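Undergrad: build the 3D model from these lines:
(one chain, ligands or ions: 1)
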Amino acid sequence: MHDFQQELDQLAAQSLARTRRVVAGAQGPVLRVDDRDYLSFCSNDYLGLASHPEIVAAAVAAAGEYGVGAAASALISGHSVAHEQLEQELAAFIGLPRALCFSSGYMANIGIIGALTGPGDTVFLDRLSHASLIDGARLAGAEFRVFPHNDAARLEQVLARCKSPRKLVVTDAVFSMDGDLAPLAELATLCERHDAWLLVDDAHGVGVLGPQGRGSLAHAGLTSPHVICMGTLGKAVGVAGAFAAGDATIIEWIMQRARTYMFTTAHPPLLAAATSASLRVIARDQWRRERLVELAALLREGLHGLPWHLSPSPTAIQPLIVGDNAVARALMQRLREDGIWVPAICPPTVPKGTARLRISLSALHTPAHLERLTDALHNAARDIGAAPSNIANDHFSLARPDRAQPAQRVASLHPDAPP
Ligand SMILES: *Cc1c(COP(=O)(O)O)cnc(C)c1O
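TA: Numbers count the residues shown, from 1 in each chain. From the prediction side, this is the model:
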C-alpha cells in the first residue's frame, strides 16, 4: 500500500503542508479565529457582499419558496424559475446574448473547455492562467500551448501556424496573483483574424470593473462573437457558483456537452435567488467600486518608503512583491501577531524570486483599517529588514510559447498546482 503518511511528512518537512484556520461567523473585513479578531486582507469578497443583509434576506426567502436542495441535475429537473431568471439577468448584466449557470468556477472552466475542444484541437493559455483553465485543457485531451504573459504578438505567431480544426485561446481577465489585466481587445481581434474562440475568465473582474460592475468585457468596451465569458459568483458577487456567457448557439452547445453541467446536481435555487439580489446591489452601489479605488490609492501612499513595491494593479488585488520566500513568510507571521491576516504567496504559486503578500481589498475596509496595515508593515520592515526587491515584472521566460508544454511542466509552474 502506498505510504501517504510518508509523503505528508515530506510536505511538512519542506514547509509545503497547508493548514486551514477555522473561522467563526460571517465573512467580513474582520474575521474571528481562535477567539481573536483578525483584520482580513485575504478574501475575494471585494465588494463586501458575502454577508450583505439584502442578499441574505433573498436567500432566506428563496429557501422558504424552493426549499434547500435542487434535487437533480439541471437537465433533469433541477433547473428552477430562480435559475432561469438568474441566467437571463446574468446575460443582460454581462452584455452577451445568453448565460448558463455552473456550480463553481472550477467546474465551469473544466466544462466549457471540454465542450469546445478535444483531441486534435489546440488550447492556447496565458502563462499565468488559473489552475482550472490548465486542468480544463488537460482533461479535454487537447494539445495546449502556453504563451508569455499578456504577449499578444507571441500568441499571434503560434495561432497563425496552428492547423487544428478548433482553436481556443484562454486567459484570466484579471490575473489572480497580480491584479493586472489581459489585453482583451487585442486578443479578441487575433481570435477573429485566426478563427479561434476566446474564453475570458473574469473571476476577479465581475462586480469590480466596468460600468455598474459589469466586468472586464464592459471595462474594455469589447463585443465580439468569438468571446465566451466565464465569471464566478463566489468572489465579488459574494455568493457561490459561476456562469458562462456568450453567443446563444455556443451556450446551447456548452449546455449540451459540458460534463460538469450535465453530471452534477444543480446548485440550490436559494443561491440563484441570492445572486440575483447581489447583482442588483452591485449595479446600484457605485460607492463600493469607488471605495476600492480610494483604498488602493491610500495603500499605495501608505506603503511609500518600504523596501518592497506594490505591483501596478487597477483592481482589488494589490500584491506587495517581497522577492524572498523567507521574508514573505516572516512578514505574514509578523502581521498575524499584530492581528492582521495577509497571505504570503510563494513559488511555485508565483514565479521564483517574486514571493509576495497578496493584499486584497474590500469595499468594507475603512481608512483606519488600511492605516493599521501600513503601520504594521512599516514596523515589520524596520524589524525584519530586507534588501529591496528589484526583480523585474518580466519573469516569464520559462515558458516556450512555440512548443507545446508537457502538461506536468505547466502544472508545476502554476499557482495552485502541487509542487
Ligand atoms: C477562483 C477562480 C476560479 C474558480 O472559481 P470558483 O467558483 O472558486 O471555483 C476560476 N478562475 C479564476 C481566475 C479564479 O480566481
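Undergrad: can stretch 184-200 be found next to the ligand?
TA: No. Applying C-beta under 6 Å from any ligand atom, one finds stretch 184-200 separated from the ligand by no less than 10.2 Å. Glycine gets a C-beta too; all of them are placed from N, C-alpha and C.
Undergrad: pLDDT of that stretch, averaged?
TA: Mean pLDDT, computed over stretch 184-200, is 98.
Undergrad: check contacts around the residue in the stretch 51-200 of the chain that the ligand sits nearest to.
TA: Closest approach of the stretch 51-200 of the chain to the ligand (C-beta to the nearest ligand atom) occurs at Gly105, with a separation of 2.2 Å. Contacts for Gly105 (C-beta atoms under 8 Å, 6 or more residues apart in numbering) come out as 132, 201, 203, 230-232, 234, 242.
Undergrad: kindly report the residues of the chain close to the ligand.
TA: Residues of the chain lying near the ligand (C-beta under 6 Å from any ligand atom): 104-106, 109, 130, 132, 172, 176, 201, 203-204, 232, 234, 242.
Undergrad: dump those residues to a markdown table, plus distance to Ala218.
TA: Below are those laid out as a markdown table (distance: C-beta to C-beta, whole Å):
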| residue | distance to Ala218 |
| --- | --- |
| Ser104 | 23 |
| Gly105 | 19 |
| Tyr106 | 24 |
| Asn109 | 21 |
| His130 | 21 |
| Ser132 | 23 |
| Asp172 | 17 |
| Ser176 | 20 |
| Asp201 | 16 |
| Ala203 | 15 |
| His204 | 14 |
| Thr232 | 16 |
| Gly234 | 20 |
| Ala242 | 18 |
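Undergrad: domain boundaries for the protein, per the record?
TA: Domains of the chain are assigned by automatic domain parsing as 23-47+286-411, 53-283.
Undergrad: ChimeraX command for the buried members of the residues of the chain next to the ligand?
TA: Buried subset of the residues of the chain next to the ligand, written as a ChimeraX selection, criterion 16 or more other C-beta atoms under 10 Å:
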select :104,105,106,109,130,132,172,176,201,203,204,232,234,242
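Undergrad: is it possible to get CSV of the residues of the chain next to the ligand that adds secondary structure?
TA: What follows is the residues of the chain next to the ligand, written out as CSV (DSSP: H, G, I helix; E, B strand; the rest coil):
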residue, secondary structure
Ser104, coil
Gly105, helix
Tyr106, helix
Asn109, helix
His130, coil
Ser132, helix
Asp172, strand
Ser176, coil
Asp201, strand
Ala203, coil
His204, coil
Thr232, strand
Gly234, coil
Ala242, strand
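Undergrad: just how off-centre is stretch 59-74 within its chain?
TA: 27 Å (C-alpha atoms, centre = their mean, to the nearest Å).
Undergrad: what's in contact with it?
TA: 77-78, 80, 82-83, 101, 239, 261-274, 277.
Undergrad: now, of the residues you listed, which are buried?
TA: 78, 80, 82-83, 101, 239, 261, 264, 266-274, 277.
Undergrad: restricted to helices, list the residues you listed.
TA: Counted as lying in helices by DSSP state H, out of the buried ones among the contacts of stretch 59-74, are 82-83, 261, 269-274, 277.
Undergrad: which members of those are the farthest-apart pair?
TA: Tyr261 and Ala277 (23.6 Å; C-beta to C-beta).
Undergrad: now do the same contact list for the residue in the stretch 201-350 of the chain that the ligand sits nearest to.
TA: Minimum separation of the stretch 201-350 of the chain from the ligand (C-beta to the nearest ligand atom) falls at Ala203, amounting to 3.4 Å. Applying C-beta under 8 Å, 6+ apart to Ala203 gives the contacts 105, 130, 172-174, 176, 230-232, 235, 242.
Undergrad: make JSON lines out of those and add pLDDT.
TA: Converted to JSON lines, the contacts of Ala203 look like this (pLDDT from 0 to 100):
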{"residue": "Gly105", "pLDDT": "98"}
{"residue": "His130", "pLDDT": "95"}
{"residue": "Asp172", "pLDDT": "98"}
{"residue": "Ala173", "pLDDT": "98"}
{"residue": "Val174", "pLDDT": "98"}
{"residue": "Ser176", "pLDDT": "94"}
{"residue": "Met230", "pLDDT": "98"}
{"residue": "Gly231", "pLDDT": "98"}
{"residue": "Thr232", "pLDDT": "98"}
{"residue": "Lys235", "pLDDT": "98"}
{"residue": "Ala242", "pLDDT": "98"}
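Undergrad: next, count neighbours for the nearest residue to Pro343 once chain neighbours are set aside.
TA: Once flanking residues are discounted, Pro343 sits nearest to Cys42: 4.9 Å by C-beta to C-beta, 6 or more residues apart in numbering. When neighbours are defined as other C-beta atoms under 10 Å, Cys42 has 17 of them.
Undergrad: name the SS class of Cys42, please.
TA: Classified using three-state DSSP, Cys42 is coil.
Undergrad: wait, it sits on Ile345?
TA: No. At 10.4 Å, Cys42 and Ile345 do not qualify as touching, with contact defined as C-beta atoms under 8 Å.
Undergrad: what do those two both touch?
TA: Common contact partners of Cys42 and Ile345 (C-beta under 8 Å, 6+ apart): Arg358.
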